[in-house]
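In: sequence first, predicted model second:
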Amino acid sequence: MEDMKTAPHEAFAYRLQLVRDQFGWNMSDIARRAMVTPQAVQQWAKGESAPRGERLKRLAAATGKPEHWFFMPPEAGEDALDAIAAPRELDEKETALLALFNQMPEAEKLRLIVHAKTTLQELDLLKDDVLSIIQSIQK
């Protein structure tokens, strides 16, 4: 039963290593690009955990891989890997945001990243607060 629990994380760790090999990135590079802590990436690389939600979306966007690719078993055929390895098309807003971001000095890019992380954390806290209010009203 324990094997079933760890199998998805082992597959994820394998896929994360493929990303590292493909792009020549170390774990700190992945953490920076996916806007997560290096400790989180270390846990992913060991198969101890796997990202979900926004973290997974950011990792997929940084690597150009679809989210489900990270959970495919290692024995998945090369044809399946090649078919899904193509990056998704950016929509109009994403293209505009990336164009503006790329024009900024490095210090401003970092400041914007920190601001975006903080905003997401605040939204998560707000969501939790609203959920607890709704649950207390329903009691």
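Out: Yes, it's here.
In: right, and the helix or strand after the one helix or strand in the chain whose mean pLDDT sits lowest?
Out: Scoring the helices and strands of the chain by mean pLDDT, DSSP states H and E places helix 78-84 at the bottom, with a mean of 55. Later in the chain than helix 78-84, the nearest helix or strand by DSSP states H and E is helix 92-103.
In: for that following helix, which positions count as buried?
Out: Residues of helix 92-103 include none that count as buried (16 or more other Cβ atoms under 10 Å). In short, each C-beta sits where N, CA and C put it, glycine included.
In: I would like the residues contacting it, please.
Out: Helix 92-103 is touched from outside by 90, 109, 112, with contacts defined as Cβ atoms under 8 Å, 6 or more residues apart in numbering.
In: how confident was the prediction at the residue nearest to Q43 when sequence neighbours are not counted?
Out: Spatially, and ignoring its direct neighbours in sequence, Q43 is nearest to S49 (4.5 Å; Cβ to Cβ, 6 or more residues apart in numbering). Looking at S49, its pLDDT is 92.
In: right, and S49 touches H9 too?
Out: Yes. In this structure, S49 is within contact of H9 by Cβ atoms under 8 Å, at 6.4 Å.
In: who has more neighbours, those two?
Out: A count of neighbours by other Cβ atoms under 10 Å puts H9 above the other of S49 and H9, at 17 against 13.
In: ok, that one - contacts?
Out: 44, 47-50.
In: give me that answer again for 10 Å
Out: Listed by Cβ atoms under 10 Å, 6 or more residues apart in numbering, the contact set of H9 reads 43-44, 46-50, 71.
In: among those, name the buried ones.
Out: So, by 16+ other Cβ under 10 Å, the buried ones in those are 43-44, 47, 50.
In: between the residues you listed, which is nearest P105?
Out: Among the buried ones among the contacts of H9, W44 lies closest to P105 (Cβ to Cβ), at 30.9 Å.
In: alright, that wraps it up for me.
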